[in-house]
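S.K.: how would this look folded up:
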Amino acid sequence: MAILKGTKRSKTNEKNLDRCLSHLSTYFSAVTSLQEKVEAKSRQVFGEVITPEVVTMTKLARITSEFSLLHTEIVRDLYRTVHSCFVFWQKLTKEGGKENQKSSQLISISSQLACIYFLNGDYYKAIICLMGYLNAVPEDNYAREQLVKWSLFLGEWENSAKLLEEAAGKKKYWSGFDFYLEVARAFISYNKEPKTREANSEKLLKLYTKSMERKEATFCSYDEQSLISWIISNCGNAENVNVKLPDMLTTMEMATVKADTVMKNRLKELSVVSHELVGNPNFGEYLQKKSHAPSEYIKLGASFAWLMEMRRESANLQVSLAQPREAYAIVLYNWMCSLRSSVFFRVLQSTNRMLNLRHVIDDEDSPFECELLKRTASSLLSCVPEVVNFSSPAKKKNDEKTLGTSFDLKSPDTMLKSFNEMNIFDGPQLHRCCASCLCDLCRLFLVNYNFASEFLFSRSFCDGFSTESVEELEEDFVNLRSFSSTDQCAVLEMAVRPRPPVILSETFGVVVARWLEKKLESGEKVEAEKLKRIVDFALKVTKYVFLRTTSQHLLIKQLERRYHAPFSSPHPWMLPVEKSANPLIRGINTARDVIRAISPFGQRTTVKKTAEATPSDQKEIEAARKELLSWKHYLCSEWRFKICTYIGRASTDPWISAMAWAESTTIGTRNLQQQVLGNTGSVVFNSESHYKKHVQRLPEDLTLIQLAMSDDDCLYMVKIHADREPLCIPIAHKSKVAEMMEKLRLILAEDERVTKNASAMTPKKFWDGRYAIDNRFKNFLPEVEENLLCGAAAFMLPSASLSDSLGTETDALIKYTNSKFSLSDAKELLWLTFVADEENWRAAVDRLTALRNIDAKRMEQVKNSYAQLKRKVAKKMDTAELERKRYTLLELNSEISLFPWEKLPVLENHLFVSRIASIHAFFLHIHTKPEIPRAVDINKSYYLLDPDNNLGDTKKRIFDYMAKFPWKGVVGGSPSVADITEAFANMDMFFYFGHGCGTRHVSRKTIKQSKCNAISMLMGCGSVKTVPQGRGFDGRSVVYDYAIAQCPLIVGCLWTVTDGEIDRYLMRMIDACFTKEKTGEQMPPVIVEGMREARDKSKLRCLTGCAVVSYGLPVVARQDAVIDVPRATSPAPAARNGSPRRLRSHSRIDA
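M.R.: Have a look, this model is predicted:
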């Protein structure tokens, strides 16, 4: 149909329409050409077959800088032309009326524009084009579904409701109308009406279940399932969720998988379902195959955009819920797919996701990777981009982070070496977009709100989240809101001031949170008025579409709370020590490093300043507590860690404080455990009374001790026993903790250096060197006890329930302190007289005196009564009760888990010390299987011996030793999933002899999804090591996977140990626990007793003996299953000057 037929203007319009179609065709051709060139560059970097294992961050950064050059040459200026076509199309459709909108040319233009805007993230313009397209083609069900779906995604509730009303008249065209009507109404109400939230969540849950039960594999059903899964995942962000919704990770993964599958069946080269990037992605070829049908443009653009947004949302959620490895894999693949699409906005979006991820995850490589990403973003956003050149050293396989399901977050030295040898020229500077500039970047900034949001994030990051950059962002936010409101009003078809785009609000919230964190870390103050203005504005904009910005809103509130009321500890032992003159290094490189390793710990001078007590504002604490209880189900790591540790260190109520400390830990593990259990809120303490009930149900012979880092990086102890109120003690400033861990790493690095150079030494020199290091380690342990724990060392000892006959003594202590000591304090000090030596007990009295604000001079008489009180305890308590085995279980923060706390001198005579991976997993296990200690049958064992088939000596030693046991297992290969799952469920013990923790052969997924009844002996180097990843993250360790599987006990190594040493250690431990001499023996000891015997017989009592630790519950051998063979079956230790054994390499932890 002609446009405005018969007029002179119509000919001009027809020519302009032809020009528009020509321009749009040129855009698609240019993008297709760019795709081919980027693909060629990718093949040069990755090779002909691009698999997940070869895709790494440094390679993607290199291709991205190449892309920025190619994009500038081929495509960048065309976006301005596309926008001109959009303006002309809008004008023509308004002037021409409904009949003209049905012109085939206009239909083609509207569909192509919608595709381009979907690809480039300009969703409001895409919706406008869809609306125009549907006016001409009302029977297109797919386009109508996309219109509703994207309106819901953008939080445009009014438009969603209006569209559904209009669609009622088109119901005959739309088979899925009823479903979308119910979903949209329930989700809109869920967002807007908190009072009806519970009823609406039940409706949505029913719709989700109904949709998931549909088995037909159609585009419509998969789109529907992706949408409802995304909606259910978002529902978990609401306050006071009482309905048992499916967990957020599962539903978000489902939304992503369904979107992936849709894309795979449209343009498989841009899908990630297959985990292999095959073929050449080519928009032009796809559209040509589809005869350039208007509906196919919409399908291509909308499907790709939804996939990218679902994967972006999934990555954000994985980071928020403390799953950094999964987030890293998603972001890497998104980045690769963005480059393959050759859409500039998508490449920038993916680069920014990696920037944010590397900023949040605080590991050894973060500073180097952040700098690399900063330069990459600057190259993308430069008016004259340049290639960021790399000259990287050759790397061993798996040295770099990769995409695959088995990727690793790298060994400690890799990125440092790579970065030091990398030649990164001073690249281009990020362009400062503004309204007065006429460059293509600035034009794009002004017409595409989503690109503007990503640009603002990059700029803020490159500016270091300075106050100036945040103020600039605030100003830009207001301007961009004004610019985008034109498109929003066109969508809404009403002259109201719309909410700001949700992505813009999210960006502002993230940047303000990072800015506040930086100010808190540096101690830099901000003008009160300026701070209030920025924070109030951030809290306001993150409240508009709250379910999409919950994490940013809560995090900003907590950071502001801590800024105004930090609650610093006033105690002198919490003062910092002077920083080391040398930066933290990862190995022994010079003689100075050796000196640093052997110099005593605790010699640094305390910073000379008066400890300033900050008044305890109970209103702030109560506000934080109420907020935590309102979102008790919400396991968002950054916010939860900060608010819980804040409450823990600020509250004076022992139960509130202890529960908060418990809730601050293993957030990532609990999210995964919740995923296994299948519903939201199943792994949290709902209240202090709920937590108290769990504690009081603990067996009397168990004591839990939590050593945790706070939001201000200081170390705290929480001691829990069924007969006591929790005891919460500040231990040390973060600078002391950092010094301790630095010293430990240097000692271990020196040992590793000597071991790796064994071939260049005589046996005598080798063993002399290692014995010297072992002796240094031996001296290091009491230094830590004396200088870090100080007066808190005695509190590491297990507690016990006191006899009622000691009531007189407890009452006297309480009365003497004018009731400043609680009954629990008095009981603890009385019991410690029996288990602690006098020096440690007197120090414990001093520490408790200071914590309770009691005059120290007044307590001298109490301190001098140690012997008298000890006699009374011994006299009034039952002898059997005093001699009873008591167990201490440690929950350790990832940053301090490498240190062997079990081997401290204070615990030397208290053997029954183990660790637990998660206090929540422990409570779940202890209440379902209360038997302590647990008895196991050594004969019911499964083994995995040398699966990499490269540990010949170990294979021979262990295989010969196992001959006396009727074990089943695999030698020199990997077991099937079915075999290992059955072994975990039905065997009593599982033995792994190989490199690392064995997850290359028994995957993390298999472990987590198993019911692990077998205690697991992981005899590989670093098998139970936890690699820290920053505040709020659990760290990387296989022990968390075993905890989720409810494994009763895991025994493994914290660091590298030679194969001969660890093999002999294990055999001695088994002999001590599970065999008896022919002359007869008493009941077999607990596993930790066997570990002690094996340690005492080790050549290197610290380097080898301290390396092996246990995670889990006390375990003993079943008496009827003890092997009746002499202990001499285990090989005797090698002579001191024997040949050094080969070092086992560290294994990566598979994803």
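S.K.: please put the alpha-carbon coordinates of whichever strand or helix holds S110 into PDB.
M.R.: With secondary structure defined by DSSP states H and E, S110 is part of helix 104-119. Output in PDB follows, covering the C-alpha atoms of helix 104-119 (Å, rounded to 0.1, in the frame of the first residue of the first chain):
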ATOM      1  CA  SER A 104       5.000  -3.900   3.800                       C
ATOM      2  CA  GLN A 105       7.900  -1.400   3.800                       C
ATOM      3  CA  LEU A 106       6.900  -0.100   7.200                       C
ATOM      4  CA  ILE A 107       6.400  -3.600   8.600                       C
ATOM      5  CA  SER A 108       9.900  -4.500   7.400                       C
ATOM      6  CA  ILE A 109      11.400  -1.400   8.900                       C
ATOM      7  CA  SER A 110       9.700  -1.900  12.200                       C
ATOM      8  CA  SER A 111      10.800  -5.500  12.500                       C
ATOM      9  CA  GLN A 112      14.400  -4.700  11.500                       C
ATOM     10  CA  LEU A 113      14.600  -1.800  13.900                       C
ATOM     11  CA  ALA A 114      13.200  -4.000  16.700                       C
ATOM     12  CA  CYS A 115      15.900  -6.500  16.000                       C
ATOM     13  CA  ILE A 116      18.600  -3.900  16.000                       C
ATOM     14  CA  TYR A 117      17.400  -2.400  19.300                       C
ATOM     15  CA  PHE A 118      17.000  -5.800  20.900                       C
ATOM     16  CA  LEU A 119      20.600  -6.700  19.900                       C
END
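S.K.: helices and strands of this protein: which one bottoms out on pLDDT?
M.R.: Within the chain, no helix or strand scores below helix 412-421, which has a mean of 42 by mean pLDDT, DSSP states H and E.
S.K.: what does the helix or strand following that one contact?
M.R.: The helix or strand immediately downstream of helix 412-421 is helix 440-447, counting by DSSP H and E. By C-beta atoms under 8 Å, 6 or more residues apart in numbering, the list of residues contacting helix 440-447 from outside reads 76-77, 79-80, 83, 122, 381, 383, 431, 433-435, 451-452, 455, 483. In this view, the C-beta of every residue, glycine as well, is placed from N, C-alpha and C.
S.K.: the residues you listed, buried ones only, as a ChimeraX selection?
M.R.: In ChimeraX syntax, the buried subset of the contacts of helix 440-447 is picked out as below (16 or more other C-beta atoms under 10 Å):
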select :76,79,83,122,381,431,433,451,452,455
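S.K.: could you pull out the helices for the stretch 651-800 of the chain?
M.R.: 654-663, 667-677, 688-696, 734-756, 763-784 (DSSP state H, counting those that start in this stretch).
S.K.: returning to what we had before: looking at the contacts of helix 440-447, which is nearest Q349?
M.R.: Relative to Q349, the closest of the contacts of helix 440-447 is F451; by C-beta to C-beta it sits at 8.6 Å.
S.K.: just confirm that closest one contacts L348, I think it does.
M.R.: Yes. Look at F451 against L348 with C-beta atoms under 8 Å: they come within range, at 7.1 Å.
S.K.: please enumerate the helices of the stretch 51-200 of the chain.
M.R.: Counting by DSSP H, counting those that start in this stretch, the helices of the stretch 51-200 of the chain are 57-74, 78-101, 104-119, 123-136, 141-153, 157-168, 177-192, 197-212.
S.K.: tell me how far the last one lies from the chain's centre.
M.R.: Here helix 197-212 is found 29 Å from its chain centre; the criterion is C-alpha atoms, centre = their mean, to the nearest Å.
S.K.: then the shortest one?
M.R.: Here the centre of helix 157-168 is set off from its chain's centre by 39 Å, with C-alpha atoms, centre = their mean.
S.K.: contacts for that helix, please.
M.R.: So helix 157-168 is contacted by 127, 144, 147-148, 151-152, 174, 177, 180-181, 184-185, 188, 191-192, 491-494 (C-beta under 8 Å, 6+ apart).
S.K.: just want the angle from it to helix 177-192.
M.R.: Orientation check (axes from the mean of the first three to the mean of the last three C-alpha atoms, to 10 degrees): helix 157-168 against helix 177-192 gives 160 degrees.
S.K.: do the last one as well
M.R.: Our comparison of helix 197-212 with helix 177-192, counting by the same axes, to 10 degrees, yields an angle of 150 degrees.
S.K.: now the element after helix 197-212, going C-ward?
M.R.: That would be, after helix 197-212 and using DSSP H and E, helix 219-235.
S.K.: quick one: the spatially most central residue of the chain from E156, how far?
M.R.: Geometric centre of the chain, nearest residue: A322, 2.6 Å, by C-alpha atoms, centre = their mean. To E156, A322 is 31 Å away according to C-beta to C-beta, to the nearest Å.
S.K.: before we move on, what about L1054?
M.R.: As judged by C-beta to C-beta, L1054 and E156 stand 53 Å apart.
S.K.: show me the contacts for H920.
M.R.: Taking C-beta under 8 Å, 6+ apart, one finds A662, T666, R670, Q673, V683, V684, F685 in contact with H920.
S.K.: try 7 Å
M.R.: Residues near H920 by C-beta atoms under 7 Å, 6 or more residues apart in numbering: T666, R670, V683.
S.K.: mind listing what's buried along the helix ranked longest in the chain?
M.R.: Scanning the chain for the helix with the most residues, using DSSP state H, yields helix 8-46. By neighbour count on 16+ other C-beta under 10 Å, the buried set for helix 8-46 is 13-14, 16-17, 20, 23-24, 27-28, 30-35, 37-39, 42, 45-46.
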